[in-house]
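Participant: Generate a structure from the sequence data that follows.
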Amino acid sequence: MSKVFIVMGSKSDLPVAEKAIAILKRFGIRFDIAVASAHRTPARVEELVKGSDADVFIAIAGLSAALPGVVASFTLKPVIGVPVSGNLNMDALLSVVQMPPGIPVAAVGLDRGDNAAVLAAEILAIGDASLADALAAYRAEQAEKVLSDSEKVRAELGC
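Facilitator: Next up is the predicted model:
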């Protein structure tokens, strides 16, 4: 079965990772998680990535957010970067999206661990019809919620 490896730059990134974990669990996708810093423990990052049997990596980091790029440098598998909000939001965001040619990192919005997990599921669903069906059902649920919310707002406003 497919697997996602979540790497956080620090323990403080856990709330963002928990968003990803909730989505991965919803779809029954196996995952592993670790804390490893691109700057403070680069050898650990390399060891974790090269030793992993994951099909997709999610790298979560704030500040200079070098972790997704460093993870990508050690694998040919897809890497999804999640910039973490803080005092330097643009620095984190640009660090994830402004990768050099040949070492791409997919990027989601600030703190969007949930979107990273959905994107990982979409990547894995290319070869997994049941996962693709589960994603289609998830999207249908999201659409239904929007329609329901619209009706509630209209009712509250007497429209």
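Participant: helix or strand for the most centrally placed residue in the chain, which one?
Facilitator: Relative to the mean C-alpha position of the chain, the nearest C-alpha, by Cα atoms, centre = their mean, is the one of A116, at 2.4 Å. Element membership for A116 (DSSP states H and E) is helix 113-125.
Participant: Does the helix or strand that that helix is followed by pack against any helices or strands, and if so which?
Facilitator: Elements were assigned by DSSP H and E; along the chain past helix 113-125, the next helix or strand is helix 129-156. Identification of packing neighbours for helix 129-156 by 3 or more Cβ pairs under 8 Å, 6 or more residues apart in numbering; DSSP states H and E yields helix 113-125. C-beta coordinates here come from the backbone N, C-alpha and C atoms, glycine included.
Participant: Show me the contact partners of the helix it packs on.
Facilitator: Residues outside helix 113-125 that contact it (Cβ atoms under 8 Å, 6 or more residues apart in numbering) are 2, 4, 16-24, 27, 29, 55-56, 58, 60, 78, 80-82, 106, 108-109, 131-132, 134-135, 138.
Participant: Domain boundaries for the protein, per the record?
Facilitator: Under automatic domain parsing, the residue ranges defining each domain of the chain are 3-127, 128-159.
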